[in-house]
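Have a look; sequence and predicted model below, questions after that.
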Amino acid sequence: LSSLPLQILLYANGIYYIFYFLATLAMIIYKSQVFSYPDDLLAPDLAVLFLMAILEVPRLYLGFKGNLTEAEAPLGLSLGLTVGSVVLSVYLLLWQTYVLWADVLLNALLLSAYGLESGLKVTAIAAFVS
């Protein structure tokens, strides 16, 4: 009953998130050097990025574990953590101090992957329960 598309997407999302984190961190550093980035707003933007990275590890681990063991609880927890990641991604998309077109592109791709992954998780949970 394990979902192969979900497993592939979790793996691809893990690889993409490494790229996303490094690119977003580089852009924040770039924006702090090129633009007049207020010092009191730099820390929250970095904190959101690092909190998102910390949240991503258990989210992916629980997703892998829940799918491979066909257990609803870890997959449901992973789905809950996905909601938190979506909120943080929306913050970086809409409310960070400076938003570049590259931020929009990276976050749109990440949010699309989260949406597809969430749909597959719900489908997998429904298959495991029945």
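Structure received. Numbering: from 1, shown residues only.

Leaving out the residues flanking it, which one is nearest to the residue positioned nearest the centre of the chain?
What sits nearest the mean C-alpha location of the chain, by C-alpha atoms, centre = their mean, is residue 85, with 4.8 Å. Spatial nearest neighbour of residue 85, excluding adjacent residues (C-beta to C-beta, 6 or more residues apart in numbering): residue 55 at 5.6 Å. Backbone N, C-alpha and C define where each C-beta goes, glycine included.

ok so, going back, show me the contacts for the residue nearest to the centre of the chain.
Applying C-beta atoms under 8 Å, 6 or more residues apart in numbering to residue 85 gives the contacts 52, 55-56, 59, 114.

What's the local residue count around residue 108?
By the criterion of other C-beta atoms under 10 Å, residue 108 has 12 neighbours.

Next one, pLDDT for it please.
What the model reports for residue 108 is a pLDDT of 98.

For whichever strand or helix holds it, what is the distance to the chain centroid?
Using DSSP states H and E, residue 108 sits in helix 101-129. Its chain's C-alpha centre and that of helix 101-129 lie 9 Å apart, by C-alpha atoms, centre = their mean, to the nearest Å.

Buried residues, that helix. List them.
103, 106-107, 110, 113-114, 117, 120-121, 124-125, 128 (16 or more other C-beta atoms under 10 Å).

So the residue nearest to the centre of the chain versus residue 54, what's the distance?
Noted for residue 85: a distance of 10 Å to residue 54, by C-beta to C-beta, to the nearest Å.

I appreciate the help and will end here.
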